[in-house]
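*Asks:* Structure of the sequence below:
(one chain, ligands or ions: 1)
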Amino acid sequence: MSNVIAVGPYSDPDDAALREEFDARRLPGLDAIAEMPEAERATVTGVAFMGHEPFDGAVMDRLPALKAIANFGVGYDAIDIAAATARGIRVTNTPDVLNDDVADLAVAMWIAQARGFETAIRNARSGDWGRGVALPLARKASGRRVGILGLGRIGREIADRLAAFKCEIHYQSRSRKDTPAGWTYHADPVELARAVDDIIIAVVGGPETQGYVSAGVIGALGPDGVIVNISRGTVIDEEALIAALASGAIRGAALDVFRDEPRIDPRLIDLPNLLPLPHIGSATVETRAAMGALQRRNLRALLDGREPETPVN
Ligand code: DGY
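*Replies:* Next up is the predicted model:
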């Protein structure tokens, strides 16, 4: 019997590869671990994990022989790393292979929001091409002042793309980065919001960034502002965002991630100035294949007692 379980939703190619290489048993979610017979749980040494449900110490304790969690994704905020380390469990993630996809999506969402794709697509489908009364005009995307929150690897890819759109680039991160001339650093997110038209969120998720895009940041953006989020839903104060979108305190938002995903607050999803996506940042054939391959290499290394390519702890 295999010592590996694969937890969470997977694309078919990843599932087949995991079965072939590790003979992994698939579980739909972490809850299902509790239903495994105790003797079977006791043999599990590796988990190939995908998802956003909390992988905490209590879950780890159901797998007493566990030594490796290979996360499918760069963000590992769902995994309690301190609890894993305390139990001698190594964790890996899949950084870098998804940078292009996530940055492409951020820019696509930003343009789609500026150019009013939601309304335009609806009008095209309904045959309403604005005869008689002109359709509402959208906003020009190129040349806007854009603030990137978090100039890590994905944030940097986003900024490089926006530079090609002749945007004025501002960023906020823990420290000033080595950037092309003309990019403006801000130490504080409110200061960043005051200086730009739009904000694109690319900070990591987790307790440190919870509510980082606060009512103060959102308010400082102003009525022409747009917020794009490809990071984690928890980074935005969602109550403040709902209020700002509903009152017109900001112009719109484009979100690939939500605080309680896959559930989206009904007050949010119904707003006409929201462009929602179901967390598809890395969801292309090419990138998911690369993530799956890196996940399996990491898992193999940990189970063989070798150092993995992309360790988290
Ligand atoms: C990631 O890799 O973190 C993506 O957001 C998928 O969870």
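*Asks:* What separation is there between Gly233 and Gly292?
*Replies:* Gly233 sits 24 Å away from Gly292, going by Cβ to Cβ, to the nearest Å. Just so you know, the C-beta spots here come from the backbone N, C-alpha and C atoms, and that holds for glycine as well.
*Asks:* er, Ala42 I mean
*Replies:* Using Cβ to Cβ, which is the criterion applied here, Ala42 is 27 Å from Gly292.
*Asks:* These two: who's more crowded?
*Replies:* For Ala42 against Gly292, the residue with the higher neighbour count under other Cβ atoms under 10 Å is Gly292, and the figures read 23 against 12.
*Asks:* how close does that one get to Ala193?
*Replies:* Separation of Gly292 from Ala193 (Cβ to Cβ): 37 Å.
*Asks:* Do you have the helices of the protein handy? List them.
*Replies:* 12-22, 38-41, 57-60, 81-86, 99-114, 117-126, 153-164, 189-195, 215-221, 238-247, 266-269, 285-303 (DSSP state H).
*Asks:* Can I get those helices in TSV including mean pLDDT and distance to the ligand?
*Replies:* Supplementary listing: the helices of the chain in TSV, determined by pLDDT from 0 to 100; distance: least, Cβ to the nearest ligand atom, whole Å:
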stretch	mean pLDDT	distance to the ligand
helix 12-22	86	13
helix 38-41	96	26
helix 57-60	98	18
helix 81-86	98	14
helix 99-114	98	7
helix 117-126	87	22
helix 153-164	98	9
helix 189-195	98	21
helix 215-221	98	21
helix 238-247	98	17
helix 266-269	95	19
helix 285-303	96	7
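*Asks:* And those helices: which comes nearest Asp31?
*Replies:* For the helices of the chain, proximity to Asp31 was assessed by Cβ to Cβ; helix 57-60 is nearest, at 8.9 Å.
*Asks:* got the buried residues for that closest one?
*Replies:* Residues of helix 57-60 classed as buried: Val59, Met60 (neighbour count, 16 or more other Cβ atoms under 10 Å).
*Asks:* again, but for stretch 26-42
*Replies:* Neighbour-count burial for stretch 26-42 flags Leu27, Leu30, Ile33, Met36, Arg41 (criterion: 16+ other Cβ under 10 Å).
*Asks:* Out of those, which two sit at the greatest distance?
*Replies:* Leu30 and Arg41 (12.3 Å).
*Asks:* Pretty sure Ala48 sits against Phe72.
*Replies:* Yes - assessed by Cβ atoms under 8 Å, Ala48 is found in contact with Phe72 at 6.8 Å.
*Asks:* Show me the common contact partners of these two, please.
*Replies:* With contacts defined as Cβ atoms under 8 Å, 6 or more residues apart in numbering, the residues shared by Ala48 and Phe72 are Gln295.
*Asks:* Now the residue nearest to the spatial centre of the chain: closest residue in space, sequence neighbours ignored.
*Replies:* Within the chain, the residue whose C-alpha comes closest to the C-alpha centroid is Ser231; the distance, by Cα atoms, centre = their mean, is 3.6 Å. Residue nearest to Ser231 in three dimensions, not counting chain neighbours: Ile201, with 4.8 Å by Cβ to Cβ, 6 or more residues apart in numbering.
*Asks:* what's the burial count for that neighbour?
*Replies:* Taking other Cβ under 10 Å as the neighbour definition, Ile201 ends up with a count of 29.
*Asks:* again with His279
*Replies:* As a burial measure, the neighbour count of His279 was computed by other Cβ under 10 Å and equals 17.
*Asks:* Ramachandran angles for it?
*Replies:* Phi and psi for His279, reported as degrees, to the nearest 10, are phi 50, psi 70.
*Asks:* Considering the buried residues of stretch 26-42, which is situated nearest to the ligand?
*Replies:* Looking at those and their distance to the ligand, the nearest is Leu30, at 15.0 Å (Cβ to the nearest ligand atom).
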